[in-house]
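In: Sequence plus predicted model, see below.
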Amino acid sequence: MTEEKAQAYWQENIRTILALLVVWFVVSLGAGVLFINQLNAIEISGVKLGFWFAQQGSIYAFVLLIFVYVYKMGKIDEKYGVSE
Amino acid sequence: MELQSLIYIFVGISFSIYIGIAWWARAGSTKEFYVAGGGVPPIANGMATAADWMSAASFISLAGIIAFKGSDGGAYLMGWTGGYVLLAMLLAPYLRKFGKFTVPDFVGDRYYSDLARTVAVVAVIFISFTYVAGQMRGVGIVFSRFLQVDVNTGVMLGMGIVFIYSVLGGMKGITYTQVAQYVVMIFAFTVPAVFLSLQVTDTFLPQAGLFAQTAFEFSDGVRQIPEGTYLMHALDQAVNDLGFNNYTEPGSVFNMFMLTIVLMAGTAGLPHVIVRFFTVPTVKDARISAGWALVFIAIMYTTIASVAAFSRVNLIANVQNVEYKTFVNGGVERADGTINDGSWFKTWEEGGLLAWNDRNGDGKIQYANGAAFDGAKGKPAFDGDKRGEHGERLTTNAKPAATADETKGSNGIANEIYVDRDIMVLANPEIANLPNWVIALMAAGGLAAALSTAAGLLLVISASISHDLFGQVIMKDKKTGKSTLSEKSELRLARGAAIVAILVAGYLGINPPGFVAQVVAFAFGLAAASFFPVIILGVFDKRMNKEGAIAGMLVGLTFTFVYIVYFVFMGGSKEDYLFGIAPTGIGTLGMILHFIVAYFVSRATPPPPKEIQDLVESIRIPSGAGAAVDH
């Protein structure tokens, strides 16, 4: 693998991770902590939204995020011919 | 069948399975001993990681903590799951590509320094031992409660079992045993949760039960809360009436923020979790494996939030204003004619984890905010085996009748009970009067949770002693830079180290240092301030050199260590908190300091040698991971 190709692969890897980590931050530290009071104004079937993000919602999102990451990285690995 | 025989059968069967698996999967080489030969399928590894991760604390204590803390407990749920996202994206794939056996291996090789390796070994051993002491205690509690032996005998039984499969099987034995332990533990946790959910909300899925309406009318002592009220409304109303903060209302957002980050980074930086990703065949498998691990963890963690809410409602509905004597001796009749059997109350009172002090002299139990005993945290000090007029255990620190001022916030109700948070999950099936086999399953599950985590930790300790300390530092050939230990003698050394680690852990379980409850802050704070940043910088910053890494680790570790020791063990007062950060959340600041110090020191010193920069290039590319490198 040439150096430029390795560089490009790494850049694409970093971009993917950053995008997913933004979502990770928003659903947990954002919705479940920093903006919990604002989101708590919204209520679904008696459950306040901020409270739900902190206790259940963020966890569902985490699972989804890892599988999206696995899928995207699989694509990138193939594109650069570095999959095993 | 009788409860006790059922418990023996469930625990007996599960233990035979673990030992059988350990025999089948015994390790023949160091590679099998340290990383299970590097050939574990990703789903199995995910399951084993989940079992390794979910400790006695998750299984026994977490729902109880959340039941009493309410909204703020979310920090633990998010922190202990969100860390896996960081692990999957920032650590696991690259460490797998690196392809050695342990975390100090990575630190030592990447930073071409035995000093860095030694700092890492010391941190691994300290973090893992603080953690394992709590696990052995958990094993002891479950044994003593369910098998009716004393706590010390329980700890020794637990040590024996762990000894068999970790010394014999190493990582390979542990991994496959953990798969079985996961299955036992998840059944043990979810089955009672489903029963509870049906009972409290008429909803099958506990996760959905949070959104449901109550299936019965109950009194919180102030008002009747009608059937069909939204569960969270019922809970907020009841705790509010009794003088507690609303269940769904957050406390300090800033401290919750710091705590959540420390738990996330700490999770991703804990050596016994990281090492799991050395056991799968490829980089791709390491990524998927983290996903599976989180799926298996999420099944339990999303249930925990609901169990916490159900158990708080159940506690209030079942103990408020019941007559103690009738309640604990056969049960009181509810309005609908069913029996509310309080024999669990008596059992846990005998065990010293529950207590009742009839402050208003009406012979009935009252539950509200406030302490019923004068001790620290309202803990009762039992007066030997002396009994009061209703048969309750007497204490030496019972508070006298409450003044009107004291009960102003709780509508005139004075709290009369002490409930240890650790009993909520274990007592839940009994409080809800569930069938005996559910309770027996619970016992097997609690043991599976404690044993699987203890075994994983002990392996990490033994590997860092035999492989890192002896193999790579003490017995290293100065000229070739290779270990002078033969494969056979290193394996023998690893087994010996595992035996010593088990004995020390057992000792800590029998004679727990007074701070077991606080060590969680320690383990996570230190992991977040040391391993998490040092590994990330090692992968993502090619320019990072040994000077930067060592300075960063030392600053992060020392700062966090000193802050926690000062405020938790030396009685530092709250007013002196730096920026108002509680000791539990200080690891976040330690981590930030680590990043900053490492950056500036590395930029002021020479870059790492060419071969290290090439190593970093190579771990960034997945292809060619192959099997873990033998030495």
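Out: Done, it's in.
In: For the stretch 201-350 of chain B, just list every one of the helices.
Out: Secondary structure of the stretch 201-350 of chain B (DSSP state H, counting those that start in this stretch): helices at B:206-209, B:231-241, B:253-269, B:271-274, B:283-319, B:324-328, B:343-350.
In: Now the helix or strand containing residue B:125: buried residues?
Out: Here residue B:125, judged by DSSP states H and E, is contained in helix B:114-146. Buried positions in helix B:114-146, judged by neighbour count with 16 or more other Cβ atoms under 10 Å in any protein chain shown: B:116-121, B:123-146. Glycine gets a C-beta too; all of them are placed from N, C-alpha and C.
In: Distance-wise, check residue B:556 relative to residue B:328.
Out: Taking Cβ to Cβ, to the nearest Å as the measure, residue B:556 falls 51 Å from residue B:328.
In: The two: which has the busier surroundings?
Out: Of the pair residue B:556 and residue B:328, residue B:556 is the one with more neighbours under other Cβ atoms under 10 Å in any protein chain shown, namely 31 against 23.
In: what residues are up against that one?
Out: Counting by Cβ atoms under 8 Å, 6 or more residues apart in numbering or on different chains, residue B:556 touches B:529-530, B:533, B:590-591, B:593-594, B:597.
In: Which single one of these is nearest to residue B:460?
Out: Closest approach between these and residue B:460, by Cβ to Cβ: residue B:530, at 14.5 Å.
In: what's the closest of the contacts of residue B:556 to chain A?
Out: Checking the contacts of residue B:556 against chain A with Cβ to the nearest Cβ, the nearest one is residue B:591 at 14.3 Å.
In: So residue B:607 belongs to a strand, correct?
Out: No - going by DSSP: H, G, I helix; E, B strand; the rest coil, the assignment for residue B:607 is coil, not a strand.
In: My understanding was that residue B:525 contacts residue B:581; is that so?
Out: No - Residue B:525 is not in contact with residue B:581 according to Cβ atoms under 8 Å; the separation is 11.0 Å.
In: Tell me which of these two has more neighbours.
Out: The residue with more neighbours, out of residue B:525 and residue B:581, is residue B:525; 31 against 20, by other Cβ under 10 Å.
In: Tell me how far the residue lying closest to that one once chain neighbours are set aside lies from residue B:62.
Out: Of all residues not flanking residue B:525 in the chain, residue B:587 sits nearest, at 3.2 Å (Cβ to Cβ, 6 or more residues apart in numbering or on different chains). Noted for residue B:587: a distance of 19 Å to residue B:62, by Cβ to Cβ.
In: ok, these two, which is more surrounded?
Out: Between residue B:587 and residue B:62, counted using other Cβ under 10 Å, the more crowded position is residue B:587 (35 against 25).
In: quick one: the more buried one and residue B:262 touch, right?
Out: Yes - counting by Cβ under 8 Å, residue B:262 is a contact partner of residue B:587 at 3.9 Å.
In: what sits against the closest residue to residue B:590 other than its chain neighbours?
Out: Distances taken as Cβ to Cβ, 6+ apart put residue B:529 closest to residue B:590, at 3.2 Å, once the chain neighbours are dropped. Counting by Cβ under 8 Å, 6+ apart, residue B:529 touches B:556-557, B:559-560, B:587, B:590-591, B:593-594.
In: Remind me which helix or strand residue B:96 belongs to.
Out: In the assignment (DSSP H and E), residue B:96 maps to helix B:92-98.
In: Check residue B:528 too.
Out: Assigned by DSSP H and E, residue B:528 falls in helix B:519-529.
In: Name the residues of the helix or strand that that helix is followed by that come out as buried.
Out: Scanning forward in sequence from helix B:519-529 by DSSP H and E, the next helix or strand is helix B:531-540. For helix B:531-540, burial by neighbour count (16+ other Cβ under 10 Å) applies to B:531-539.
In: Show the pLDDT at the most centrally placed residue in chain A.
Out: Here the mean C-alpha position of chain A is nearest to the C-alpha of residue A:20 (Cα atoms, centre = their mean), at a distance of 3.3 Å. We note a pLDDT of 96 for residue A:20 in this prediction.
In: Give me the secondary structure label for it.
Out: helix.
In: Pull the contacting residues for it.
Out: By Cβ under 8 Å, 6+ apart, residue A:20 lies in contact with A:65, A:68-69, B:85, B:89.
In: Neighbours of the residue in the stretch 51-200 of chain B that chain A sits nearest to, how many?
Out: Proximity of the stretch 51-200 of chain B to chain A (Cβ to the nearest Cβ) peaks at residue B:74, 3.0 Å away. Residue B:74 has 29 neighbours, counted by other Cβ under 10 Å.
In: and what of the one 5 residues further on?
Out: Under the neighbour criterion other Cβ under 10 Å, residue B:79 is assigned a count of 22.
In: which residue sits closest to it in space, ignoring its chain neighbours?
Out: Using Cβ to Cβ, 6+ apart, the nearest residue to residue B:79 is residue B:263, at 2.5 Å.
In: do the same with residue B:283
Out: Excluding its sequence neighbours, the residue lying closest to residue B:283 (Cβ to Cβ, 6+ apart) is residue B:622, at 3.8 Å.
In: The one you found and residue B:216, how far apart?
Out: With Cβ to Cβ as the criterion, residue B:622 and residue B:216 are 55 Å apart.
In: How about the secondary structure of residue A:81?
Out: Using three-state DSSP, the structure places residue A:81 in coil.
In: Could you tell me how far it is located from residue B:621?
Out: 10 Å.
In: Those two: which has the busier surroundings?
Out: Taking other Cβ under 10 Å, residue A:81 and residue B:621 do not tie; residue B:621 has more neighbours (20 against 10).
In: OK, contacts around the closest residue to that one other than its chain neighbours?
Out: Spatial nearest neighbour of residue B:621, chain neighbours left out: residue A:82 (5.3 Å); criterion: Cβ to Cβ, 6+ apart. Listed by Cβ under 8 Å, 6+ apart, the contact partners of residue A:82 are A:1, A:9, B:621-623.
In: Which stretches in the chain count as strands?
Out: Because you didn't say which chain, this covers chain A. Under the criterion DSSP state E, strands of chain A are mapped to A:43-44, A:47-48.
In: hm, I was asking about chain B
Out: Listed in chain order, the strands of chain B (DSSP E) span residues B:218-219, B:224-225, B:332-333, B:339-340, B:354-356, B:382-387, B:393-395, B:417-419.
In: Tell me the helices and strands packed up against the last one.
Out: Going back to what we said before, that points to strand B:417-419. strand B:354-356 (3 or more Cβ pairs under 8 Å, 6 or more residues apart in numbering or on different chains; DSSP states H and E).
In: distance of residue B:352 from residue B:388?
Out: Look at residue B:352 and residue B:388: by Cβ to Cβ, they are 16 Å apart.
In: go on, residue B:301?
Out: For residue B:301, the distance to residue B:388 equals 41 Å [Cβ to Cβ].
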